[in-house]
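K.L.:
would you be able to build a 3D model of this:
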Amino acid sequence: MRKSLTAVWLTLVLMLMALAAMAEENTQVTHYLLLGQDGYAEEVTDDARTDTILLVSLDEKYNRVVMTSILRDCMIDTPRGNPTKINLLYRNYGFDGLIECVERELDVEIEGGVLVNFEHVKPVIDKLGGVDIEITNPEYLAIRNILLGKDPNMPDGPGMTHMTGRIALAYMRARATGEGGDFARTERQRKVLSQLVHKCRDLSLMELVGIYNDVSQGMEMNLGPLDILSAFKTGYGLVSNGAQFVQSSIPHAGQFYYDKLNSSSVLNVRWDSCREELHELLDNPTEP
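P.N.:
Presented below is the predicted three-dimensional model:
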């Protein structure tokens, strides 16, 4: 009898603990995947490698936008259970397969995905007046190498740099900087995107719709019209209310080790640790 009562009490305690954990979960956040196609093609293609994978979390509870880069060399299981590089999932399994795998590993519900050809982002950056970012000497040299030093707006050297769309795109694409590899490259992408979103604070909804129309020519997505409208409404509300922008990446130090897959270098990721850290971030306010 005592054993039976003990089991009942233990069950009740566990249920209360589960309910308490659920009460702390942030349920006012919606997630989208922003994918960037590699290469310099004019249009997006079905066989694209998604070398930019960004989980964009619109958080209405804490009034913030959380941008989490997932590095392209992360090893992840396919929907069929076979290991692969994450940047190959879209090419082999489309939006649905990529979303399924990210949802599985990070325990989030993703509303949909958008694949962007970054060539179409350049005019948007120019339309918003460019971005101002401080660059290091290796970043300056990488930009010169990508553009062959022939751009009339080339910076004179390292330091604070006003970037046109073409310069900013080279900055985001730069890999051979000797400064953190793909970790640093994804950080550069988040810096540019954060500035662009900040610049949108002063725009009207119609002006933002115009910018969307410019970019949408170089997009593929698996969002329906109502989904797009919902994302636009939520995003515009956050931006107009001075939302905080939070940057993160997967994985962090201690959450992976370098490995090989079919003779290719990969990051063997401890997804359970990444999942815990992401939810710790999402379920708690960010200090100003």
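K.L.:
report the beta-bridge partners for the residue nearest the centre of the chain.
P.N.:
Compute the mean C-alpha point of the chain, and by Cα atoms, centre = their mean the closest residue is residue 54, 1.5 Å away. In this entry, residue 54 is beta-bridged to residue 34, residue 69, by DSSP bridges.
K.L.:
and the pLDDT for it?
P.N.:
At residue 54, the model reports a pLDDT of 93.
K.L.:
repeat for residue 196
P.N.:
Residue 196 is assigned 86 on the pLDDT scale.
K.L.:
that older thread, the residue nearest to the centre of the chain touches residue 33, doesn't it?
P.N.:
Yes - contact criterion Cβ atoms under 8 Å: residue 54 and residue 33 qualify, at 7.2 Å. In short, each C-beta sits where N, CA and C put it, glycine included.
K.L.:
so where do the strands sit in the chain?
P.N.:
Using DSSP state E, the strands of the chain run over 29-37, 50-59, 64-70, 75-77, 83-85, 110-117, 131-135, 159-163, 219-221, 244-250, 256-261, 264-269.
K.L.:
so how far is stretch 73-82 from its chain's centroid?
P.N.:
Computed by Cα atoms, centre = their mean, to the nearest Å, the chain-centroid distance of stretch 73-82 equals 19 Å.
K.L.:
from now on call the first residue 789
P.N.:
New numbering, starting at 789: the last item is stretch 861-870.
K.L.:
extract the CA atoms of that stretch and return them as CSV.
P.N.:
Extracted in CSV, the C-alpha atoms of stretch 861-870 (Å, rounded to 0.1, in the frame of the first residue of the first chain):
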residue,chain,number,x,y,z
ASP,A,861,28.8,22.2,-42.4
CYS,A,862,26.6,20.8,-39.6
MET,A,863,26.1,17.1,-39.9
ILE,A,864,22.4,16.1,-39.5
ASP,A,865,20.3,13.1,-40.3
THR,A,866,18.1,13.2,-43.4
PRO,A,867,14.4,12.4,-43.2
ARG,A,868,15.5,8.8,-44.0
GLY,A,869,17.9,8.7,-41.1
ASN,A,870,21.2,9.0,-43.1
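K.L.:
and the residue nearest to the centre of the chain, how close does it get to residue 1005?
P.N.:
Distance, residue 842 to residue 1005, by Cβ to Cβ, to the nearest Å: 20 Å.
K.L.:
cool, and residue 939?
P.N.:
Taking Cβ to Cβ as the measure, residue 939 falls 23 Å from residue 1005.
K.L.:
of these two, which one has the most company?
P.N.:
Set residue 939 next to residue 1005 and count neighbours by other Cβ atoms under 10 Å: residue 939 wins out with 15 against 12.
K.L.:
leaving out the residues flanking it, which one is nearest to that one?
P.N.:
Nearest residue to residue 939 in three dimensions, chain neighbours excluded: residue 954, at 5.9 Å (Cβ to Cβ, 6 or more residues apart in numbering).
K.L.:
number of residues surrounding that neighbour?
P.N.:
Counted with other Cβ under 10 Å, residue 954 comes out at 20.
K.L.:
pLDDT score for it?
P.N.:
According to the prediction, residue 954 has pLDDT 90.
K.L.:
can you pull the contacts of it?
P.N.:
Residues counted as contacts of residue 954 (Cβ atoms under 8 Å, 6 or more residues apart in numbering) are 910, 935, 939, 941.
K.L.:
among those, which lie within helices?
P.N.:
910, 935 (DSSP state H).
K.L.:
pull out the buried residues from the contacts of residue 954.
P.N.:
Using 16 or more other Cβ atoms under 10 Å as the burial test, the contacts of residue 954 include residue 910 as buried.
K.L.:
now the contacts of residue 954 as CSV including pLDDT and distance to residue 1017?
P.N.:
Shown next, in CSV, are the contacts of residue 954 (pLDDT from 0 to 100; distance: Cβ to Cβ, whole Å):
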residue, pLDDT, distance to residue 1017
910, 84, 26
935, 86, 38
939, 81, 38
941, 84, 36
